[in-house]
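>>> Pasted the sequence and its predicted model underneath.
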Amino acid sequence: MKNELPKWADYILLPLINLTIAFMVAGLVVLLVGENPLEAAYILVRGAFGYGGGIAYTLYYATNFIFTGLSVAVAFHCGLFNIGSEGQAYIGGLGVAIAVLALDNFMPWWVIFPLAILSSALFGAAWALIPAWLQAKRGSHIVITTIMFNFIAASIMVYALVEVLKPAGSMAPQTRTFEQAGQIPKLDWLFEIFGSGLQGAPLNLSFFLALIMAFLVWVLIWRTKFGYELRTTGTNPTAAIYAGIPPVRTIVITMLISGALAGMMALNPVMGDQTRVELDFTAGAGFVGIAVALMGRGHPVGIIFAAILFGMLYQGGAELSFDMPNISRDMIIAIQGLVIFFAGALEHVFRPSMIRFFSRFEKPPSEPGREAA
Amino acid sequence: MAKQSSSSPPAIKLSGISKSFGPVQANKDIDLVVEKGSIHGIIGENGAGKSTLMSILYGFYHADSGTIAINGKEMKIPDSQAAIAAGIGMVHQHFMLVDNFTVLENVILGAEGGAILNRGIAKAKTELQRLEDEYSLDVDIDTLIEELPVGLQQRVEILKALFRNADILILDEPTGVLTPAEADHLFRIFRQLRDEGKTIILITHKLREIMAITDSVSVMRRGEMVATRKTSETSVEELAELMVGRRVLLRVDKGEANPGEDKLVVENLTVKDERGVVMVDDVSFSVKAGEIVGIAGVAGNGQSELMAAISGIMRAETGRVLLDGKPIHVTGHADPALLRQRGMAHVPEDRHHMGLVLPFSEKENSILGYQNDETYTSGQFLQMAAIDADARAKIKQYDIRPPNPDLKASSFSGGNQQKIVLSREMERDPVVLLVGQPTRGVDVGAIEFIHKRIIEMRDAGKAVLLVSVELDEIRSLADRTLVMFAGKIVGERGPEASEGELGLLMAGVTDNDGAEARQ
C-alpha cells in the first residue's frame, strides 16, 4: 500500500517534524516579546534536565501525563475519543481522599497506597461509565458527553471540598492535610544513587506505578482477547459485528478501563505532592493527555516519551518564566498550546507530503509517472 | 409520442468515453446517442459501468478520454453545477435530500436566489405549484422530508431537477424502493414528461421496466456498451442475453453430489433493511450436507440481507432458520460468535468491510471471529505463538503470498486477502459454509483455487450456500441454483439450466409473465 509511511518515519520522524515546527513558531513568539529564542530554549532545556531537581520535577509532571495519555489511548484504540480524562482524574481524587481520610490515622502507607489506587481507579471508572453507556446504547457522542462530564465533575468537586470534606473552621476549600501514612514515599533514594537529591521535587512512587500501567496497557491491547476485540471494534466495527464481538460490552469495558487509568492520575499530585485534595489539582493534565496519546501514536512507549516531553515543557517553562521576566507564565502556556496544536491537532498535516516524499524512493524509477500523480 | 424531427441534434451524444479507477476500467470507449424527447433505458448487471457513465455525464467523475455533446453542442462538464446549467438533472438511487428540511427548502437548496430567502421562497412556491399541477407530482411542499414515504421523496427529487429547468433527467434505479403501484405512477409521470419534450435516461437492471416504458435501450456489459436497440424491435430474451453475455464457462472438475440430510433450513424468512424496505421476502429453502446451493441474482435483490440474517449479523422480521436441526434465534439476537461455535462458517461478500480488519496483520486476521477459541488463547490472553504457527500453516496450505503473517492485510492482493478469509473459515471443520461473492476482485489463478476448495468442502460433506452475482460461477459450482429477484426466490433450477434461462429469471421474468412482457 502506497499510503503508508515506513514505521520509523511514522513514529519518530513525523513527531520530530511536528515538534520542530511547533518550536519554530514558539520561537517567533519569543522574538516578538524581544527575547532571544535560542537562549530561551537553552534555559528551558536546562531547567528541565540540567540538574537533579529539574529532572525530578519533569518526571513528576510526566507521571500525570502518562496516566492520562494511557487513558486517552486505550479509548482511542476502541474508536472512542475520551475528552473526559480530566474529569475522570478529578473525580479519582475524590476516591483517593475517601481512602486516605478514612485510614491514615491508623494504617501504614503500604496498606493505604494499594487501597487508594483501587479507590481512585474505581471513582475514575465510575465517572466514565455514564458517557460510555450513553454512547454504546443510545449513540450519544462520547466527545460531547465526556466534555459535559468534565464540567459536572468540576462542580461536584467544588461542592465536595467546600461543603463536605473541608475541615470545620478552615477557610480553604480543600481537605485536611494527610498524615504521613497518607503520603506516597518520594524517590529521593533513586536520586541519591546519582549523587543528587530531589531538591524539593515531589517525584514519588506513583511514577513507577505509571510505568507499570504503561506495560499493562500494552499487554491489554496487544496480548489479550479483550484487547483484540477492543481494537477490532475501533478499527472496523462491521468486522467486529461479523466476528460476534458485542459492541456495547466492548465500549463500556474500554471506557471503564480508560476512566480507571485517568482516575489513578490523582494519586500523584494528591498523595505524592500536595498531601491533600485541592481545588483543580488536575490542572489540565487530562487535556494534555490527549496530545500525549496522539503524539505517542497510542503506543505506551510513545506515550512515555511524549509525557516526558510535556513534563519538560511544564518544568522548563516554569524556570523560563522565572529567568526571563518578559516571558510570562501565560506565554509558557501559549508555547505548550503550540506544541499541542502541532503535535496533536495538526498531527496529520505533514503526513501526505511525507508519504509522497517516501514513495518516491520506494518504486524503481521505471514508473515514476504514476507515483507522482 | 412527441418525437422530435430527426434533423434536430440528439439530446446527449457521448463519444469514446473511457474511465478507469486504478487498474479497473469502468468504462471502455463508450458511444451513446440519446434522442431528444425520448425515454432511453440503460441496462446492465451491477458493476457493468452504468452508474460511472452517468456520473461522468453529471460531472461527478471526469472521463479519461472522450467527448460529451449536449443538444449538439460539445462541452466539458467539470462538476454538477455545470451539468445543471446544461439542463441535466439527476435522481440518485440514494436520495440526496436533507431529512429535516421541508420539501420546499430541499427544492430551493442551492438555488435560493440571493441571501434573503423571502423572495426566492415566494417565487419557488408558485413555480412548484405549477410543476406539481403540470406533471401530477402531488406532494405537500411544507412537509418535512423525514415524514414522507420513499415514493414521495423520489417525487421531491424529480421536482428538484425540474425546478432547475432540467431538460434531461437521469434516474438511477428509480423503482428499487417503490411498490408496483408507485412504480406505475412514476412511469405515467415519465410518459408525461417525455410528451412535454423532456428527455429521460433510465438506469435499471429490470428488463420488464425497460420493455414497459422505454423507447430505446442500450446494454452495458463489463464497462462496454454492447448494443443499442429500439425497444419495439427487441425482446426480453435478446436483452437478457446481451446483458449476461456469452461467457466461456469456467470448467471445474467436480463429481456427482452426494446430498445427505438437511443441514441448513430456512423457513419463511423476511428481512427489512434500516429504511424498513423489505429486502428478503418470505424466503424458504434448505441446503443438504454434501451439496452446493447457489443463489443467483443481480446484486441488490436481497442476497446480502439473506446471508446477513442467516449468519446472525442482521435481525430478521419473521421466519425460522435451523442449523443442523436446531433453531437459530434469527428474529432476536442471533450471536455470530455462538453460531461459529455451532459450526457455521461465513465467508462474507465484502471482505474489506466485514471479512478483514485491513490495518491488522495477517495472523491477527486469521483469528477474526475465533478470537475466543481455546486453540488461540489461554485464559484471557492470546497465545501469540499458537496464532503465529497456525497462520503459517494456513499460509502454506492456501499458498498465501507473500508468506508473511506479520504483514498488514491491506498489503495483500485481492486474491490473497480472500484466501486469508477462506483459510480461516474453511479450516474450522464447519457444518455449514456460507460463501458470498468468493471471487469478486480476485485474479484468475486464485479463482480456480478457490473454486476447487469450495468443491472439496462439498465433497467433505459440508452444506455450502453460495451467493454470487457471477452467473458462470454459480453454474459451474452449484448443484442446485435458486434465483433471487426483488427479495423472493423466483425459481429453482438444476445444474443443466441454461444461461439464458437463468438470466431471464434474474431479470425478474418468471415463466408466467415472460409472455406478458414481450407484448
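Thanks, I have it.
>>> Please look at B:G508 and B:L207 and confirm they touch.
Yes: with contact defined as Cβ atoms under 8 Å, B:G508 and B:L207 form a contacting pair (7.0 Å). C-beta coordinates here come from the backbone N, C-alpha and C atoms, glycine included.
>>> Contact residues of chain A facing chain B?
Within chain A, the positions adjacent to chain B are A:1, A:223-229, A:231-232, A:235-236, A:238-239, A:241-246 by Cβ under 8 Å from any Cβ of the partner chain.
>>> Buried members of those residues into PyMOL, please.
Buried residues within the residues of chain A next to chain B, by 16 or more other Cβ atoms under 10 Å in any protein chain shown, are selected in PyMOL with:
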select buried, chain A and resi 224+225+226+227+228+229+231+232+235+236+239+241+242+243+244+245+246
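>>> Among the residues of chain A next to chain B, which lie within helices?
When those are checked against helices using DSSP state H, the ones located there are A:223, A:225-229, A:231-232, A:235, A:238-239, A:241-242.
>>> which residues sit in contact with the closest residue to chain B within chain A?
Here chain A gets closest to chain B at one residue, A:G244, 2.7 Å apart by Cβ to the nearest Cβ. Neighbour list for A:G244: B:312, B:335-340, B:369 [criterion: Cβ atoms under 8 Å, 6 or more residues apart in numbering or on different chains].
>>> part of a helix, is B:L433?
No: secondary structure assignment places B:L433 outside any helix; it is strand (DSSP: H, G, I helix; E, B strand; the rest coil).
>>> ok, it touching B:R340?
No: the criterion here is Cβ under 8 Å, and B:L433 misses it with B:R340 at 11.6 Å.
>>> what touches both of those two?
B:H346.
>>> Comparing the two, which residue is more hemmed in?
With other Cβ atoms under 10 Å in any protein chain shown as the criterion, B:L433 and B:R340 differ in neighbour count, and B:L433 comes out ahead with 27 against 22.
>>> Model confidence at that one, what's the number?
Confidence per residue is given as pLDDT, and for B:L433 that number is 96.
>>> which residues touch it?
Residues B:345-347, B:425-426, B:454, B:457, B:462-465 are the ones in contact with B:L433 under the rule Cβ under 8 Å, 6+ apart.
>>> could these be laid out in TSV, adding secondary structure and distance to chain A?
Compiled in TSV, these are given as follows (DSSP: H, G, I helix; E, B strand; the rest coil; distance: Cβ to the nearest Cβ, whole Å):
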residue	secondary structure	distance to chain A
B:A345	strand	12
B:H346	strand	7
B:V347	strand	11
B:E425	helix	11
B:M426	helix	16
B:I454	helix	20
B:M457	helix	20
B:K462	coil	20
B:A463	strand	20
B:V464	strand	19
B:L465	strand	16
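>>> Most neighbours of all those residues, which one?
Neighbours were tallied for each of the contacts of B:L433 (criterion: other Cβ under 10 Å), and the maximum of 30 neighbours falls on B:A463.
>>> Show me where the stretch 201-350 of chain B has its strands.
Counting by DSSP state E, counting those that start in this stretch, the segments of the stretch 201-350 of chain B that form strands are B:216-221, B:224-230, B:262-272, B:278-288, B:291-296, B:318-323, B:326-328, B:344-347.
>>> For the last one, which helices and strands make contact with it?
To tie it back to what came earlier, the one meant is strand B:344-347. Contact partners of strand B:344-347 among helices and strands, from 3 or more Cβ pairs under 8 Å, 6 or more residues apart in numbering or on different chains; DSSP states H and E: helix B:414-426, strand B:432-436.
>>> And the helix or strand following it, what does it pack against?
Stepping forward along the backbone from strand B:344-347, the first helix or strand reached (DSSP states H and E) is helix B:362-365. Based on contacts counted as 3+ Cβ pairs under 8 Å, 6+ apart, the elements that helix B:362-365 packs against are helix B:384-397, helix B:414-426.
>>> The first one packs against which elements?
It refers to helix B:384-397. Using 3+ Cβ pairs under 8 Å, 6+ apart as the contact criterion, the neighbours of helix B:384-397 among helices and strands are helix B:362-365, helix B:414-426.
>>> List of residues touching the shortest one?
If I follow you right, that is helix B:362-365. Counting contacts by Cβ under 8 Å, 6+ apart, the residues outside helix B:362-365 that touch it are A:228, B:356-357, B:387-388, B:390-391, B:395, B:400, B:404-409, B:412, B:420-421, B:424.
>>> contacting residues around residue 339?
No chain was given, so I picked chain A. The neighbours of A:V339, taking Cβ under 8 Å, 6+ apart as the test, are A:19, A:22-23, A:26, A:291, A:309-310, A:313.
>>> You answered for a different chain; I wanted chain B.
A:244, B:311-312, B:323, B:328.
>>> and the gap between B:S361 and A:A243?
16 Å (Cβ to Cβ, to the nearest Å).
>>> can you check A:G93 too?
From A:G93 across to A:A243, the span is 39 Å (Cβ to Cβ).
>>> next one: A:A318
49 Å.
>>> number of nearby residues for B:I200?
Other residues within reach of B:I200, judged by other Cβ under 10 Å, total 24.
>>> thinking again about what came up before, in TSV: the strands of the stretch 201-350 of chain B, plus mean pLDDT.
Converted to TSV, the strands of the stretch 201-350 of chain B look like this (pLDDT from 0 to 100):
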stretch	mean pLDDT
strand B:216-221	91
strand B:224-230	91
strand B:262-272	95
strand B:278-288	94
strand B:291-296	94
strand B:318-323	94
strand B:326-328	92
strand B:344-347	95
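>>> Dump those into JSON lines; add distance to B:A69 as well.
Converted to JSON lines, the strands of the stretch 201-350 of chain B look like this (distance: least, Cβ to Cβ, whole Å):
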{"stretch": "strand B:216-221", "distance to B:A69": "16"}
{"stretch": "strand B:224-230", "distance to B:A69": "16"}
{"stretch": "strand B:262-272", "distance to B:A69": "44"}
{"stretch": "strand B:278-288", "distance to B:A69": "40"}
{"stretch": "strand B:291-296", "distance to B:A69": "39"}
{"stretch": "strand B:318-323", "distance to B:A69": "52"}
{"stretch": "strand B:326-328", "distance to B:A69": "56"}
{"stretch": "strand B:344-347", "distance to B:A69": "46"}
